[in-house]
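Enquirer: Here's a sequence, model it:
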Amino acid sequence: MTKQDHPNIVIVLCDQMRRQAMSCAGSSNISTPNLDRLAQNGVQFTNANSTNPICVPARQSLLTGKHPHTRNSHHHWRMSPQERTYAHEFNESGYQTGYIGKWHLADVGRSRPVPEHLQGGFDYWRGFELKNDPFDTAYYKDNDPEPHQIEGFQTDGLFDLGINFISKSKNSEEPFCLTISVEPPHPPFTAPERYLQEWENRNVQIRPNVPYPSSDPPLNIISEPYSNWGSQENASEELYQQYEYHGDTFFDEARKYYAMVKNLDENIGCLLDELYRLEIRDETALIFTSDHGEMLGSHGYMGKQHPYEESVGVPLIISYPSDGIESGQQIHEPTCTEDLLPTFLGLANIDTSQDLPGEDLTLLMDDSKNSLERNGVLLEFVREIRPKHHYYEETWRGFRTKRYKYTVKGYDNMSVGAFTDWGKPWQLYDLEKDPYEQDNLLDNPDYRGIVQNLHGELRNALIRYNDDYALESAFGYESLNTPDI
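Expert: Now for the predicted structure:
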């Protein structure tokens with residue numbers, strides 16, 4: 001095995017970073033020179049989506065390449081030790097595999113190690129389940145139950161561990177596949193002091209869909225201020241009561257969010273510099289993405305799990321200085337979480353015997369394909385078991401094309417184990433004319449043909465991907481997966 005044919009793979013996974021929070025994505029709030037450099041020397045996917053925009057389901061899909069609906073995945077779901085992850089694929093192909101940082105797939109709580117049989121097959125482990133406090137993070141080595149405290153800020157410490165792994169692996173005859181998984185910019189929104197000082201009182205431009213007129217605060221924001229989260233061992237009910245941001249509190253939270261992104265960008269720069277210093281940049285593919293986005297006030301919400309672009313939209317940059325890949329490309333085809341595993345394998349020239357639902361995006365990167373053999377991607381929210389959260393006893397599905405997004409929503413009464421209200425047409429947005437999703441066109445007669453077509457596309461996607469979501473009859477289509485009653 002040669003590294004020319006099987007390059008090193010470095011996956012940087014952050015948590016809750018919206019697609020729009022980079023200067024290379026057009027943000028006027030922040031300069032991200034290192035992410036921009038990554039995009040300039042790689043490919044930026046401008047319509048990348050988190051299929052199920054909440055931590056656990058998104059991570060399950062990233063690790064296994066399988067849709068969350070095939071696992072009934074939710075926020076307190078444990079991934080089976082029998083699941084085949086990309087670590088197994090790389091291990092069997094002669095790679096060293098390493099995982100550093102947040103896991104959130106074992107459901108063991110914040111202060112216990114992830115057992116070895118739940119570590120997804122990685123042969124080097126410096127991980128933890130979750131912390132949600134970037135100034136109080138401990139990780140665990142392999143199967144050692146002793147915690148190792150990170151001094152200072154989590155992102156800095158985890159990137160240091162990643163760079164150390166890469167340095168030690170440089171001279172190995174085997175290529176490596178390393179994942180660095182950091183929680184920031186997940187709440188609580190905070191950062192090292194120099195970043196907070198840099199962002200203090202800085203003007204932040206809010207998106208047009210944030211309901212914040214000059215005299216009124218945003219409305220209907222469900223959440224305690226995120227700055228209070230870190231002190232909670234287990235989230236209490238009070239955290240999820242309605243809270244209206246007054247004065248500059250909302251803008252303070254936004255500034256802290258961008259301060260965390262700035263810190264992340266600088267760590268990306270350190271990682272890139274180390275690859276060049278070690279003279280292995282040309283044999284290393286670097287992927288940057290997030291598990292889901294952050295609403296940050298858009299449509300009056302904080303957090304994730306909504307079908308809006310700020311929540312489902314994630315950054316995806318793939319940088320590999322290969323002769324066959326043109327640097328600086330922007331690819332506008334919609335992508336989904338299930339595309340990531342096939343793409344990791346495609347970058348490494350690894351064939352798999354698995355029947356995976358996603359697409360290998362390297363075929364777009366090297367011009368093997370002009371477009372994907374699908375008209376869009378399936379979006380889904382499978383299940384919410386926490387009573388104080390959005391979509392408790394509700395579910396939604398969506399179909400996202402390059403231009404349009406169509407969604408349906410239903411009521412899922414898990415106490416009786418059955419749908420009591422099937423998925424009904426909910427939203428239609430023309431993302432080309434209305435990128436901030438402020439004009440729901442579902443009942444607009446001018447879009448009747450489009451919504452009818454998209455309902456059919458969604459219905460076909462549910463069938464293609466073996467999703468038993470109960471879809472009500474609409475727009476001339478029969479119902480799907482609904483029982484005879």
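
Enquirer: For the lengthiest strand in the chain, name the packing helices and strands.
Expert: Counting residues, the longest strand found in the chain (DSSP state E) is strand 418-430. Using 3 or more Cβ pairs under 8 Å, 6 or more residues apart in numbering; DSSP states H and E as the contact test, the elements touching strand 418-430 are strand 394-400, strand 404-413, helix 448-464. For the C-beta atoms, the positions are set from N, CA and C on the backbone; glycine is no exception.

Enquirer: Name the residues that touch stretch 63-77?
Expert: Stretch 63-77 has contacts (Cβ atoms under 8 Å, 6 or more residues apart in numbering) with 51-52, 54-58, 60-61, 79, 83-87, 105, 107, 120, 338, 340-342, 354, 356-358, 378, 380, 382-386, 465-469.

Enquirer: So which helix or strand of this structure has the lowest pLDDT on average?
Expert: Every helix and strand of the chain was ranked by mean pLDDT, DSSP states H and E. The lowest is strand 418-430, at a mean of 84.

Enquirer: Alpha carbons of it, in PDB - could you do that?
Expert: C-alpha atoms of strand 418-430 as PDB (Å, rounded to 0.1, in the frame of the first residue of the first chain):
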ATOM      1  CA  ALA A 418     -48.200   4.800  16.300                       C
ATOM      2  CA  PHE A 419     -48.800   7.800  14.200                       C
ATOM      3  CA  THR A 420     -52.000   9.600  15.200                       C
ATOM      4  CA  ASP A 421     -51.600  12.300  12.600                       C
ATOM      5  CA  TRP A 422     -49.700  11.400   9.400                       C
ATOM      6  CA  GLY A 423     -47.200  13.600   7.600                       C
ATOM      7  CA  LYS A 424     -49.000  16.500   6.000                       C
ATOM      8  CA  PRO A 425     -47.700  19.200   3.600                       C
ATOM      9  CA  TRP A 426     -46.000  21.900   5.700                       C
ATOM     10  CA  GLN A 427     -43.600  24.100   3.800                       C
ATOM     11  CA  LEU A 428     -42.300  25.000   0.400                       C
ATOM     12  CA  TYR A 429     -39.500  27.400  -0.100                       C
ATOM     13  CA  ASP A 430     -37.900  28.700  -3.300                       C
END
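
Enquirer: Work out the gap between it and the centre of the chain.
Expert: Put simply, strand 418-430 sits 23 Å off its chain's centre (Cα atoms, centre = their mean, to the nearest Å).

Enquirer: Just the angle for it relative to strand 404-413, thanks.
Expert: Computed with axes from the mean of the first three to the mean of the last three Cα atoms, to 10 degrees, the direction of strand 418-430 lies at 160 degrees from that of strand 404-413.

Enquirer: quick revisit: report the inter-axis angle for the longest strand of the chain versus strand 394-400.
Expert: 40 degrees.

Enquirer: buried set for strand 418-430?
Expert: Residues 419, 422-423, 425-430 are the ones in strand 418-430 that count as buried (16 or more other Cβ atoms under 10 Å).

Enquirer: Spatially, which two of those residues are the most separated?
Expert: Using Cβ to Cβ, the buried residues of strand 418-430 reach their maximum pairwise distance at F419 and D430, which is 29.3 Å.

Enquirer: May I ask you to name the longest helix in the protein?
Expert: Assignment by DSSP state H gives helix 249-277 as the longest helix of the chain.

Enquirer: Show me what it is packed up against.
Expert: Checking 3+ Cβ pairs under 8 Å, 6+ apart, helix 249-277 ends up next to strand 8-14, helix 33-40, helix 154-169, helix 193-199, strand 284-290.
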